[in-house]
Structures are given as C-alpha cells and as structure tokens.
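Visitor: predicted model follows, preceded by the sequence.
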Amino acid sequence: MNTVKIKRVFLIFFTLAAVTTLGIGNYFLQMTSTTLANMNDDVDWEQSDKRPAPINLKDGEPVSVLLMGVDDGEERTDSLILLTLSPGDESINMISIPRDTLTTIAGKGKKDKINHAYTFGGSEATIRTVENLLDVPVDYVLKVNMESFTNVVDALGGVEVENDLDFTFWDHHYPEGKLQLNGEEALGYARMRHEDPRGDFGRQLRQQQVLEAVIQQSASISSLTKVDDMFEIVEEHVKTNITFKEAWDLQSNYKSARHNIEQHQLEGESTEIDQTYYYKPDKDKLESISKKLQEHLNITKDKS
C-alpha cells in the first residue's frame, strides 16, 4: 500500500475546520495563535487581483478558500477544492477540480493539466490558474502536505457518512446506509474509485462528503479527543496565508456558514491529446458554476 498516495486529499478535510475555525470554540482558537504563526511562512499570497478592495471579515463578507493538497517530494498538486463561505446565507459552496483538468496555466500562456501549474510556478501559479479557470478570487489558501489523515479523523472520534454504494475496499466492507468511520476506514471510503460506476466523480463526491462530515464534527469541542495532537499535525503539515486576527474573525463571524453545504463538480468529458489523458470542462457548465460562485461571493461582473 502506497501510504503517501492514499493520503492525498484527506488531511484537507480537517484543515478547513481547524484553521478557519468554523465554530470549534475559543479554546481551539487560542491554540491556533501559536500554530498559525508557524504556518504562515510558506504561502505568499495577499489580496487577489480580482478583489477591488480588502474583505471585511468583521462584517461577514463572503470569502473563498482554496484547499491545495501537495505530497512530500511531489511537484504537482494532487487535490484542489475551492470553497466559498457566506455567513449571511449560512452556506458554503464546495467545488472539486479534477487534477487532469485542461486549462491555461497562469504565467505560462499554454494549456496543460491544472495540477502541473504547481510544477511551473508553485502555489502562486496554482492559485492564479484556479482563479482564471473559475473566474473568482481566491482569498485564502490552505496548502496541505498529505500525511497522518487517519490520526486526524481518529482524533475527531471518527466521522459519519451516508453511503449510496455497497462496496469493499482495502478488505473493509462499506454497506449502503449510514456509516461511522474511523481514520483508516474514512481513507478507504474516500479513496475508492474503480468499483464505482461514476469513476473519479464518485470518488470526488465521497471526498466532499467526508469534508462536510469533518466540518460538522469539528463544530463541537467535545468531539476533539486529541486536540493537542491535532494541532501538532496541522502545524507540521499545513501552510496558510490566514493570520491569527483573520482566524479570530472567521471564528467569530463565519460559524453559520457550515449550516448548509452545497457540493458541486466540474462537469466535462475525457479527451486524449498526443496520447495524454486530459479532462476537458464543459464550457456552458463551467460558466454556470462560475456565475454561481460569483453570486455566492456577491461579485458583480461587468457584462460589457
């Protein structure tokens, strides 16, 4: 079993809840002060060019967060999930971007797989490429080294999901219906692809499902059985541009966003160019997703 490869997207799920502190209490946030200080040295990203003015977190203005998974020693992002948070609407929109998505790479002026943007220009190229693809600003970034996801889920006391497909993976049976999963089981649940007739889309749905479960599970301090251990994991494996002051404002003003989480996928079709597989987004569906995200962020686009 390739343990690095199987832990790709999953620590992201904890990170959203832990770092943006969507309702996990003041004790957790106080610990975040020291942790964030050690997490701000590797993500150089300030205000997006697509933002005409700084966001006022105290007023609960809608924001976006890009979750970016990178394995140790790898030169490509393995997972990209963009979330838009609107406490006024008490909602989160979540969009998974397939790693093989064919798009123009920022700073290179040529089309390639979106996960190659990190190879060409690191975090900044990846962020700008996502911005250009979805035509929305990226306000905050969580860059995650995919390690120790099983410990994170176990520290939460496990997660509960509603499974719509009976399957067996890694010698564990996942029957249809409501399931309580520990860390290893959650990895297998979100990792399985080949037994799902929906392929990678089915896997993305399960990844989003686990992310939502972690957000909800993290809403109560009583669910955190190993808080200190979790912060050690995050401090070591996560980098972000979120400051302590911003984390405090997010904790204070964005808790309600978790009440309604809407999941989206980037629809399109597989294509082959020079014997290389790509995923080509449907132009109309991409435009529709972009408009939905813009509306959720209260962004008005010039129609001229």
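Guide: It's in.

Visitor: quick one: buried residues of the helix or strand S290 falls within?
Guide: Under DSSP states H and E, the secondary-structure element containing S290 is helix 283-296. Buried residues in helix 283-296, defined by neighbour count with 16 or more other C-beta atoms under 10 Å: 286, 289-290, 292-296. C-beta here means a position set from N, CA and C on the backbone, and glycine is covered the same way.

Visitor: now do the helices in the protein.
Guide: Secondary structure of the chain (DSSP state H): helices located at 3-6, 10-20, 26-37, 117-134, 149-155, 183-191, 200-217, 227-237, 244-253, 283-296.

Visitor: remind me which residues of the stretch 151-300 of the chain are low pLDDT?
Guide: 218-231, 233-234 (pLDDT under 70).

Visitor: before we move on, the earlier item: now the angle from the helix holding S290 to helix 117-134?
Guide: 80 degrees (axes from the mean of the first three to the mean of the last three C-alpha atoms, to 10 degrees).

Visitor: kindly export helix 283-296 (C-alpha atoms) in CSV.
Guide: The C-alpha atoms that make up helix 283-296 are tabulated as CSV, following Å, rounded to 0.1, in the frame of the first residue of the first chain:
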residue,chain,number,x,y,z
LYS,A,283,-17.9,25.3,-21.4
ASP,A,284,-21.5,26.1,-20.5
LYS,A,285,-21.4,24.1,-17.2
LEU,A,286,-18.1,25.9,-16.3
GLU,A,287,-19.8,29.3,-16.9
SER,A,288,-22.7,28.2,-14.8
ILE,A,289,-20.5,27.2,-11.9
SER,A,290,-18.5,30.4,-12.2
LYS,A,291,-21.7,32.5,-12.0
LYS,A,292,-23.0,30.6,-9.0
LEU,A,293,-19.7,31.1,-7.2
GLN,A,294,-19.6,34.8,-8.1
GLU,A,295,-23.2,35.3,-6.8
HIS,A,296,-22.3,33.5,-3.6
